[in-house]
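Q: Pasting the sequence and the predicted model now:
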Amino acid sequence: MMNFAESHEPWLGQVPADWNRSRIRNVAVLSPGYSGTPPTADEFCTIVPMELLSEDGGIDVSNQKPAEEAQSGLTLFEQGDVLFAKITPCMENGKGAFVGKLPTRYAFGSTEFHVLRPSRRVDGKFLYYATFNPVFRAYAAENMTGAAGQKRVSSRFLKDTRLFLPLLPEQKLIAAYLDASCAAIDAAVAAKRKQLETLDGLRKATITRAVTQGLDPLVEMQTTDVDWIPKAPKHWRVVRVKDVFDFFNTKRVPLSAAERGMMTEKIYDYYGASGVIDKVEDYLFDGTYILIAEDGANLLNRSKPLAFLASGKFWVNNHAHILKPRWGGDDTFFVNLLECQDYSLFVTGAAQPKLTMENLGRYKIAVPKPAEQRLIAAFVREKDGEFRALPAQIEAQIETLTAYRKSLIHECVTGQRRITEADLKQMKAHG
């Protein structure tokens, strides 16, 4: 039976009685500088900006530059150091890393993370997990100082942080166990994210086939003279967007962030190029319309939906086209048809990609009559619901795995779960 003692820390309850109490400054050097000779001007160093630290402890060390270009305004670290993000929101999001391997002798990174260099009294990987512990990070977040939005974890706070350390062999055992456990959890999460990608690809392919070829697999097809419509059902018409849609772009009114900030009763959606970006106190439209981005990088990289429905009472700025199908055209059919198109040949501007109303209006699509549009729309809604139900389950599984990863780290580095050699062997065998 294990014996526990009170930690007397506001973020931590009891800890193993046989663990030693210390502070980070007693077992590691903060902002340590060079351990050896500084690099020569032509020696290459690794550059790691804050965005190259992931929220699972990963670190991208592929970017290298000559040392004379790298040192200005950056933070030095070396192999074996522990990185701890100190600024909102990176610290709160859990960014940090253990520098296991470096392709160069030295590395430089963002000034927005602390560097801890472990002494011989603490295992570097154990120190990483101890500071990566989400419960401790939540406590650190409560003690950040500075202006809102730019708060930081101070050097003094980190130096004074109490650690509860087992003997060095047990530290190494815990770190090895967490390495194996986290690797297994991360692999499971990656596999589930791959499932999400596969399901999303299948969903898009199913919908694209329905809105571009119809529901009858035996329908007679015809070739067209449009490069991006090699074939379409013979009874469908190839038309320009402006032949089947009314545009309402003249009703758009952009509102600056300052104007929106002055509003008090913000109850209506305010749309931009990629969807809702704010709430406002008035509306321009009342009904269901199709919005499609007019400008922005998303026109080419397609990281977000390009065409989407806006319903009810809402406001639209000048970064989205506003369309409504004529002659009883079905909104669901058309928004999915427009979303699956490739507009890259009609996009202008290198620095700021733009799909003008003129170019969108002359873009050609193949469409059936409204009755068939409604049948296809019903099929799309049914399939879309089926496909989205499965990802919701997978996302819940990912959340469970992520929460377990966090709790496991906390339990192991605080001694609530004691790790044995047998535990490590079993994890490696089944990981």
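A: That came in fine, so what should we check first? Quantities reported herein were computed from a predicted structural model and do not represent experimental measurements. Residues are numbered from 1 along each chain as shown.
Q: how does the protein divide up, domain by domain?
A: 4-165, 215-367 (automatic domain parsing).
Q: weakest of the ones you listed by average pLDDT?
A: Ranked by mean pLDDT, the domains of the chain bottom out at domain 4-165, with a mean of 87.
Q: Quick check: end-to-end length of it?
A: 13 Å (Cα to Cα, to the nearest Å).
Q: mind checking how far it is from the chain centre?
A: 22 Å (Cα atoms, centre = their mean, to the nearest Å).
Q: can you check stretch 417-431 too?
A: Worked out by Cα atoms, centre = their mean, stretch 417-431 lies 32 Å from the chain centre.
Q: re the thing from before, want to throw the domains of the chain into JSON lines with mean neighbour count?
A: C-beta here means a position set from N, CA and C on the backbone, and glycine is covered the same way. Output for the domains of the chain, formatted as JSON lines (neighbours: other Cβ atoms under 10 Å):
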{"stretch": "domain 4-165", "mean neighbour count": "17"}
{"stretch": "domain 215-367", "mean neighbour count": "16"}
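Q: Which helix in this protein has the most residues?
A: Taking DSSP state H as the criterion, the chain has its longest helix at helix 168-213.
Q: Which strands and helices lie in contact with the helix or strand just after that helix?
A: Using DSSP states H and E, the helix or strand that follows helix 168-213 in sequence is strand 221-223. Strand 221-223 makes packing contacts with strand 231-233 when contacts are defined by 3 or more Cβ pairs under 8 Å, 6 or more residues apart in numbering; DSSP states H and E.
Q: in this protein, which spans are helices?
A: For the chain, applying DSSP H gives helices covering 24-27, 67-70, 124-132, 134-142, 155-160, 168-213, 241-244, 257-261, 298-301, 331-339, 357-361, 370-413, 421-430.
Q: nearest to residue 282, of those?
A: Nearest of the helices of the chain to residue 282, taken as Cβ to Cβ: helix 257-261 at 10.9 Å.
Q: Quick one: residues in contact with the closest one.
A: For helix 257-261, contacts defined as Cβ atoms under 8 Å, 6 or more residues apart in numbering pick out 266, 270, 278, 280.
Q: Same list (these) but as CSV, adding distance to residue 296.
A: Converted to CSV, these look like this (distance: Cβ to Cβ, whole Å):
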residue, distance to residue 296
266, 24
270, 16
278, 16
280, 20
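Q: Quick check: the farthest pair among the residues you listed?
A: In terms of Cβ to Cβ, the contacts of helix 257-261 reach their longest pairwise distance at 266 and 270, which sit 8.3 Å apart.
Q: what is in contact with these two at once?
A: 260, 278, 279, 280.
Q: Quickly list what the residue nearest to the last one when sequence neighbours are not counted is bridged to.
A: Right, the one you point to is residue 280. Sequence neighbours aside, residue 270 is the residue nearest to residue 280 in space, at 4.6 Å (criterion: Cβ to Cβ, 6 or more residues apart in numbering). Going by DSSP bridges, residue 270 is paired in beta bridges with residue 278, residue 315.
Q: Kindly export stretch 332-352 (C-alpha atoms) in CSV.
A: Only the C-alpha atoms of stretch 332-352 are listed here, as CSV (Å, rounded to 0.1, in the frame of the first residue of the first chain):
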residue,chain,number,x,y,z
THR,A,332,-30.0,22.3,-51.5
PHE,A,333,-29.3,21.0,-55.0
PHE,A,334,-27.7,24.2,-56.2
VAL,A,335,-25.5,24.9,-53.2
ASN,A,336,-24.0,21.4,-53.4
LEU,A,337,-23.6,21.8,-57.2
LEU,A,338,-21.8,25.1,-56.8
GLU,A,339,-19.7,23.8,-53.9
CYS,A,340,-18.2,20.9,-55.9
GLN,A,341,-17.1,23.0,-58.8
ASP,A,342,-13.5,24.0,-59.6
TYR,A,343,-13.4,27.8,-60.2
SER,A,344,-9.6,28.1,-60.4
LEU,A,345,-9.6,29.1,-64.1
PHE,A,346,-12.0,31.9,-63.3
VAL,A,347,-10.2,33.3,-60.3
THR,A,348,-8.1,36.4,-60.9
GLY,A,349,-5.4,38.1,-58.8
ALA,A,350,-2.2,36.6,-57.4
ALA,A,351,-1.9,38.4,-54.1
GLN,A,352,-5.6,38.4,-53.4
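Q: which residues touch that stretch?
A: 204, 207-208, 210-212, 228, 241, 244-245, 290, 292, 295-296, 299-300, 305-309, 323, 325, 353-356, 359-360, 362-363, 365, 367, 373-374, 376-377, 380-381.
Q: what are the ranges of the strands in the stretch 1-150 of the chain?
A: Taking DSSP state E, counting those that start in this stretch, the strands of the stretch 1-150 of the chain run over residues 4-9, 12-16, 20-23, 28-30, 44-48, 64-66, 75-77, 82-85, 96-98, 107-109, 113-118.
Q: got the angle for the second one vs helix 168-213?
A: So the one you mean is strand 12-16. Computed by axes from the mean of the first three to the mean of the last three Cα atoms, to 10 degrees, the angle separating strand 12-16 from helix 168-213 equals 130 degrees.
Q: Quick check: the gap between residue 277 and residue 362.
A: 28 Å (Cβ to Cβ, to the nearest Å).
Q: With residue 418 instead?
A: 70 Å.
Q: How far does the longest helix of the chain sit from its chain's centre?
A: The answer for helix 168-213 is 14 Å, by Cα atoms, centre = their mean.
Q: Repeat that for stretch 212-230.
A: 37 Å.
Q: now swap in stretch 246-261 and tell me
A: Using Cα atoms, centre = their mean, the offset of stretch 246-261 from its chain centre is 28 Å.
Q: Tell me the span between the first and last residue of it.
A: Terminal-residue distance, stretch 246-261 (Cα to Cα): 32 Å.
Q: likewise stretch 28-47?
A: OK, stretch 28-47 end separation, Cα to Cα: 23 Å.
Q: And for stretch 330-345?
A: Distance across stretch 330-345, first residue to last, is 26 Å (Cα to Cα).
Q: Stretch 324-342 now?
A: 20 Å.
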